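Undergrad: The following comprises the amino acid sequence and a computationally predicted model.
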Amino acid sequence: MATTTNKQKVVNHLFNLGKSARHPEPAGDRPVLEQFLYAVCREDATRATADQAYGALQEGFYDWNEVRVSSEEEIAEALVGLSGADGRARRIREFLQEVFETEFSFDLEPLQKKGVKQAAKQLSRYQAANDYVVAWVVQQSLSGHAIPLDGRSVRVLKRMGLLDDEAENAEAMRASLEHQIPKTKGAHFVDLVSELAESSCWESDPGCPDCPLHTSCPTGSLPRATPVSTASKKPR
């Protein structure tokens, strides 16, 4: 188990690397409903890939009602570059249908007035919701401190020693990270970790020697003859 000092060293190294790297500018503030939909695209994907797919979704349909009444196959075709597009399309359509049936509109902005805990609880009731999506909306729209964790992020963070190998409960893992990462840096942290998962910290045969964090990462500094635990069964 990594000590608090070692964890902070890795976190500092990660953010220092982030200062010198060029990152795409985030899109403007999205309404709560749109952040939910974007999160379905963003899970287990980089921001650049999610932006492309979400942009195609918006451009390919007149409005959210047209998405709701379209087939899952049509929605999946718009989700360019995303893994599991069929499953994501199903969740998007089911979510829009459920919102329409309960709110008679596609407006979830009243959640802003309910407080973070109550709003998160209500979001979690949607069938398309999961811990990642709710945490994403809390972080991006509800001004709460939450670190959304998908399978790829968990894999990277366990290898980096920021999460314990035996940790499995998403809520407990998020709570641990939220003590280590300042609220103001939470969104940037999520982007940096997902970029590492894409560029070098792959599930199989990770490119540790080429990873910019290999000198401070407990896994990256292991002798290469030592097998690297994948720590996650989810695909890259």
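TA: Happy to help now that I have it.

Undergrad: I'd like the mean pLDDT over stretch 43-57, please.
TA: Taken as a whole, stretch 43-57 has an average pLDDT of 95.

Undergrad: For it, buried residues please.
TA: For stretch 43-57, the buried set under the neighbour-count rule, 16 or more other C-beta atoms under 10 Å, comprises 43-47, 49-54, 56-57. Using the backbone N, CA and C atoms, a C-beta is placed for each residue, glycine as well.

Undergrad: how far is that stretch from where the chain is centred?
TA: 11 Å (C-alpha atoms, centre = their mean, to the nearest Å).

Undergrad: now do stretch 174-186
TA: For stretch 174-186 - counting by C-alpha atoms, centre = their mean - the centre lies 14 Å from the chain centre.

Undergrad: measure that stretch end to end?
TA: 11 Å (C-alpha to C-alpha, to the nearest Å).

Undergrad: Need the residues that contact it.
TA: 7-8, 11, 15, 131, 135, 139, 145-149, 157, 162-164, 167, 189 (C-beta atoms under 8 Å, 6 or more residues apart in numbering).

Undergrad: one more time with 7 Å
TA: Stretch 174-186 is contacted from outside by 7, 11, 15, 135, 139, 145-147, 149, 162-163, 189, using C-beta atoms under 7 Å, 6 or more residues apart in numbering.

Undergrad: will you turn those into a markdown table that also has pLDDT and neighbour count?
TA: Formatted as a markdown table, the contacts of stretch 174-186 follow (pLDDT from 0 to 100; neighbours: other C-beta atoms under 10 Å):
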| residue | pLDDT | neighbour count |
| --- | --- | --- |
| K7 | 88 | 20 |
| V11 | 91 | 20 |
| F15 | 91 | 15 |
| A135 | 97 | 26 |
| Q139 | 95 | 21 |
| H145 | 94 | 16 |
| A146 | 95 | 24 |
| I147 | 96 | 25 |
| L149 | 96 | 22 |
| L162 | 93 | 25 |
| L163 | 91 | 25 |
| F189 | 94 | 21 |
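
Undergrad: now these in TSV, with secondary structure and distance to G81?
TA: Shown next, in TSV, are those (DSSP: H, G, I helix; E, B strand; the rest coil; distance: C-beta to C-beta, whole Å):
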residue	secondary structure	distance to G81
K7	helix	33
V11	helix	29
F15	helix	27
A135	helix	23
Q139	helix	23
H145	coil	30
A146	coil	26
I147	coil	24
L149	coil	21
L162	coil	28
L163	coil	27
F189	helix	23
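
Undergrad: In a markdown table: the residues you listed, plus distance to S70.
TA: As requested, these are arranged in a markdown table below (distance: C-beta to C-beta, whole Å):
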| residue | distance to S70 |
| --- | --- |
| K7 | 45 |
| V11 | 43 |
| F15 | 41 |
| A135 | 28 |
| Q139 | 29 |
| H145 | 36 |
| A146 | 31 |
| I147 | 33 |
| L149 | 30 |
| L162 | 40 |
| L163 | 38 |
| F189 | 35 |
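
Undergrad: Right, I'll leave it there.
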